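Participant: Quick one: sequence plus predicted model below, questions after.
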Amino acid sequence: MDDGKTYQEISDFLGCGYRTVAYWCVHGDPDNLESLRDGREKGNYQKVTEEYIDLLMETIEKDPIELGYEFGRWSTARLATYLTEMTGIELSGEHVRRILKKKKYVYLWAKYSLEDKQDSAKREAFKEKLEGYLEASKLEPNRLQVWFWDETGFSLRVIRRKTWGKKGRRKKVTGQRSRGRVNVMGGIRYSDRKRICYFIEKGTGDIFYEQLKQLNEFVKSEWIQQGNQEADFQKLGPKVLIILDNASYHKKKDIVAKIEKNLPNIQLYFLPAYSPDYNLIELVWHSTKEYVAHRLFQSVSELQVLLDKLLNKGELIIKWQRKIKNKGNAVIAS
């Protein structure tokens, strides 16, 4: 340095880091070699031990509830706090994040699992019985049709407050959010993947009954077009088995009674609790929402027009063998 060398030249000559040279030149005392030791070497990264890392790897694979905590997911700050209690080594959440990154961990959205709420015995019994119905509907479609039924909604509503803006300037987001929702109720026929979906205001028992009446009329009209007599439909027409979930208005006594009295060709077959993966129409909803997710709509009516094309006019292409995200196990889609 006395010879006029720059920090970079000294660094290259000695083969050490530029920051180390800069520290020596500012803080070092040539008459005291200890002064040349970088005090930053005593930082947090030296605190990490193999035992700490092993415990971190063990903890990250456990649900917090297993360790007595009520929250559902680990954050790096929570991990750091927990490991401080266990080891006495105090690190920041950011430091824990760096360790996890080196161990090839990434922070991703987790999949929801319904296994802890499901009754495996009831599911197995339902699956066995359902497979029998599906096979029969393939062999004799004129005697039995299996329809998977459900309700869902497609919304224009803005969920998050995040928005794009100039760096350093935070935009204000008003409490008025973009409103608009299209509610859909409908079914899909197993044998030929025929879809019939109705746009509704909301799901109620009366609306559910009215949509089943329309479905019954559709099946009847198909049967008549095959050369059959309308008067014979109730006795000779195909039985329509509706696979649906346990929504309260699906099971209302007065609604069920009306269906039995006025729509004798229709029979309701309820899914086991927490088993949407056995409902084929979930794959239709999932694929539709995936399709519309990143498209722009100026109005609810515009969204509804697109949904009608996708759901009722066959413009939605579905990969029937795929699995449904966040819906439990693989859908019955074979």
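Facilitator: Thanks, I have it.
Participant: can you list the residues that contact the least confident helix or strand in the chain by mean pLDDT?
Facilitator: When the helices and strands of the chain are scored by mean pLDDT, DSSP states H and E, helix 18-27 comes last with a mean of 84. For helix 18-27, the external contacting residues (C-beta atoms under 8 Å, 6 or more residues apart in numbering) are 1, 7-8, 10-11, 14, 35-36, 38, 40. For the C-beta atoms, the positions are set from N, CA and C on the backbone; glycine is no exception.
Participant: change it to 7 Å
Facilitator: 1, 7-8, 10-11, 35-36, 38 (C-beta atoms under 7 Å, 6 or more residues apart in numbering).
Participant: Out of those, which two sit at the greatest distance?
Facilitator: The most widely separated members of the contacts of helix 18-27 are 8 and 35, with 22.2 Å between them, by C-beta to C-beta.
Participant: Flag the shaky bits of the stretch 201-334 of the chain, pLDDT-wise.
Facilitator: 323-334 (pLDDT under 70).
Participant: which residues touch residue 208?
Facilitator: Counting by C-beta under 7 Å, 6+ apart, residue 208 has contacts 249-250, 255.
Participant: and it, what element?
Facilitator: helix 205-225 (DSSP states H and E).
Participant: Pull that helix out as PDB, backbone CA atoms only.
Facilitator: Output of helix 205-225 as PDB, limited to C-alpha atoms (Å, rounded to 0.1, in the frame of the first residue of the first chain):
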ATOM      1  CA  GLY A 205     -82.500 -27.200  -3.000                       C
ATOM      2  CA  ASP A 206     -85.200 -25.800  -5.300                       C
ATOM      3  CA  ILE A 207     -82.600 -24.800  -8.000                       C
ATOM      4  CA  PHE A 208     -81.000 -28.300  -7.700                       C
ATOM      5  CA  TYR A 209     -84.400 -29.900  -8.300                       C
ATOM      6  CA  GLU A 210     -85.100 -27.700 -11.300                       C
ATOM      7  CA  GLN A 211     -81.700 -28.600 -12.900                       C
ATOM      8  CA  LEU A 212     -82.400 -32.300 -12.400                       C
ATOM      9  CA  LYS A 213     -85.700 -31.800 -14.100                       C
ATOM     10  CA  GLN A 214     -83.900 -30.300 -17.100                       C
ATOM     11  CA  LEU A 215     -81.400 -33.100 -17.100                       C
ATOM     12  CA  ASN A 216     -84.300 -35.600 -17.100                       C
ATOM     13  CA  GLU A 217     -85.900 -33.800 -20.100                       C
ATOM     14  CA  PHE A 218     -82.600 -34.000 -22.000                       C
ATOM     15  CA  VAL A 219     -82.300 -37.800 -21.400                       C
ATOM     16  CA  LYS A 220     -85.900 -38.200 -22.300                       C
ATOM     17  CA  SER A 221     -85.500 -36.300 -25.600                       C
ATOM     18  CA  GLU A 222     -82.500 -38.400 -26.500                       C
ATOM     19  CA  TRP A 223     -84.500 -41.500 -25.800                       C
ATOM     20  CA  ILE A 224     -87.500 -40.400 -28.000                       C
ATOM     21  CA  GLN A 225     -85.100 -39.500 -30.800                       C
END
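Participant: In the helix or strand following that helix, which residues have enough neighbours to count as buried?
Facilitator: Remark: after helix 205-225, the chain's next helix or strand is helix 233-236, criterion DSSP H and E. Buried residues in helix 233-236, counted by 16 or more other C-beta atoms under 10 Å: residue 233.
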